[in-house]
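In: Using only what follows, build the 3D model:
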Amino acid sequence: MVKELQEKVKQLFKDKKVDMVIGWRKGSLPLSSSPLFINKIEDVDNLIFDETCQNNLAVYITKDKRRLVKDGKKIGVIVKGCDARSLVLYCVEKQIKRENLVIIGVPCKGVFDKRKVMEQVDNKEVLGFSVNGKEVTIKGQEFEKTLDKFEIASDSCQSCVYPDAPVFDEFITEPRKEKPDIDEFAKVDKFEELSLDDRWKKITDEYSKCVRCYACRNVCPSCYCNVCFVDQNDPQWIGKSPEITDTIIFHLIRNLHVAGRCVECGACARACPEGIDLLLLNKKITKEIKERFGYTAGINIDEKPAMQSYCENEKQDFIMG
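Out: Numbers count the residues shown, from 1 in each chain. Just a heads-up that it's a prediction; the model follows:
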């Protein structure tokens, strides 16, 4: 599949359909990959795609990387299902013109959560890995351990309904349909069964670990404001210290900002140095949006986001009581 991907990208350059392609290359450490910006056909052979390709590459279209799309270049982006949904969202939100984007889909089988892998091998140094179907063999100095691939996959992958790009220009192999057998909100349902006091305790216990490094915001493809509300001094919305009240306000407001826009790629949770379960509230809001508005972010490029549309028969119980 990687060879087919490389040949496809080379052909796109030869046909002058792209000026740049963003993909992944092998990282400097095992279980990791790095973003790869390809401007010439000679660099295509560095392309890879496997379970280490965790980055949501759509993030390079926005934030301080907007210069990539300023001059109307045709940019190809290699995408998993969640990455493609981010690109669809950008087109809907007028961050990039669809005609300037070449979406290259690859079949995603889930990405590793390195934190889970390290727990399974007792934090021993990992030197390599191999995948055989549903099993992954982790290799290190004087040890070798075979793990269930699903168990060490990112939480976002375990509840993923759209593993492949719903919108694309090119696709390597054959795209799969939506997964109907996935209970994507199982974790949210369990959270909702808790009493209000227990919910609040879980939230405070989880977010009290936050050190306000903002890694979650920085890697989030849906967070691309020129100035984030936490960086504003006039007015100053919240304090700068990692005091629990300010910390929870930060996370709650960020969740509201990405309501109806989160593609559940899990980049935030994987980037968090404290291992906070950031997906829980994201998925909670995603569930609310889906139930109230029948909307899922990044699936239909012609559909307005939930927060930009209005329908007379929408549920109003959150207003009327």
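
In: number of nearby residues for Glu93?
Out: For Glu93, the count of nearby residues is 14 (other C-beta atoms under 10 Å). To be clear about C-beta, it is placed using only N, CA and C from the backbone, and glycine gets the same treatment.

In: Identify the residue spatially nearest to it, adjacent ones excluded.
Out: Leaving aside its chain neighbours, Glu93 sits nearest to Pro305 (7.4 Å; criterion: C-beta to C-beta, 6 or more residues apart in numbering).

In: from what I can see the one you found touches Val258, true?
Out: No. Between Pro305 and Val258 there is no contact under C-beta atoms under 8 Å: 10.9 Å.

In: Please enumerate the helices of the stretch 151-300 of the chain.
Out: 155-158, 186-192, 196-207, 215-219, 244-257, 267-271, 279-293 (DSSP state H, counting those that start in this stretch).

In: Contacts for the fourth one, please.
Out: What that stands for is helix 215-219. Outside of helix 215-219, the residues within contact range by C-beta atoms under 8 Å, 6 or more residues apart in numbering are 55-56, 59, 63, 223, 228, 230, 254, 267-273, 278.

In: out of those, what pair is the most spread apart?
Out: With C-beta to C-beta as the measure, no two of those lie farther apart than Asn55 and Val230, at 23.1 Å.

In: Compare those two (neighbour count), which wins?
Out: Using other C-beta under 10 Å as the criterion, Asn55 and Val230 rank with Asn55 on top: 24 against 18.

In: Quick one: neighbours of the closest residue to Phe168 other than its chain neighbours, just the number.
Out: Nearest residue to Phe168, sequence neighbours excluded (C-beta to C-beta, 6+ apart): Gly105, at 4.0 Å. As a burial measure, Gly105 scores 23 neighbours (other C-beta under 10 Å).

In: Derive a ChimeraX selection command for the buried subset of the contacts of helix 215-219.
Out: Per 16 or more other C-beta atoms under 10 Å, the buried members of the contacts of helix 215-219 correspond to this ChimeraX selection:
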select :55,56,59,223,228,230,254,267,268,269,270,271,272,278
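
In: Show me the chain divided up by domain.
Out: What automatic domain parsing lists as the domains of the chain is 2-113+153-307, 114-152.

In: Could you single out the most deeply buried of those?
Out: Using mean count of other C-beta atoms under 10 Å, the stretch among these with the largest mean neighbour count is domain 2-113+153-307, at a mean of 17.

In: can you give me the mean pLDDT across that domain?
Out: For domain 2-113+153-307, mean pLDDT is 89.

In: That one spans what distance, first to last residue?
Out: End-to-end distance for domain 2-113+153-307, by C-alpha to C-alpha, to the nearest Å: 39 Å.

In: cool, and stretch 153-164?
Out: By C-alpha to C-alpha, the extent of stretch 153-164 from end to end equals 16 Å.

In: Same check on stretch 135-153?
Out: First-to-last residue span, stretch 135-153, C-alpha to C-alpha: 11 Å.

In: quick one on the thing from earlier: quick one: the residue nearest to Phe168 from Glu264, how far?
Out: In this view, Gly105 and Glu264 are 17 Å apart by C-beta to C-beta, to the nearest Å.

In: ok, now Phe129?
Out: 25 Å.

In: do Pro30 as well
Out: In terms of C-beta to C-beta, Pro30 sits 26 Å off from Glu264.

In: try Asp205
Out: Taking C-beta to C-beta, one finds Asp205 at 23 Å from Glu264.

In: Just the strands from this structure, written as ranges.
Out: 20-26, 33-38, 47-48, 75-79, 101-105, 126-132, 135-140, 143-148, 170-171 (DSSP state E).

In: Just send these back as JSON lines, with distance to Val88 too.
Out: Below are the strands of the chain laid out as JSON lines (distance: least, C-beta to C-beta, whole Å):
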{"stretch": "strand 20-26", "distance to Val88": "16"}
{"stretch": "strand 33-38", "distance to Val88": "20"}
{"stretch": "strand 47-48", "distance to Val88": "23"}
{"stretch": "strand 75-79", "distance to Val88": "10"}
{"stretch": "strand 101-105", "distance to Val88": "8"}
{"stretch": "strand 126-132", "distance to Val88": "29"}
{"stretch": "strand 135-140", "distance to Val88": "31"}
{"stretch": "strand 143-148", "distance to Val88": "32"}
{"stretch": "strand 170-171", "distance to Val88": "15"}
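
In: closest one to Gln236 among those?
Out: Going by C-beta to C-beta, the one of these nearest Gln236 is strand 33-38, 33.7 Å.

In: Run the angle between the closest one and strand 20-26 for me.
Out: The directions of strand 33-38 and strand 20-26 differ by 150 degrees, with axes from the mean of the first three to the mean of the last three C-alpha atoms, to 10 degrees as the criterion.
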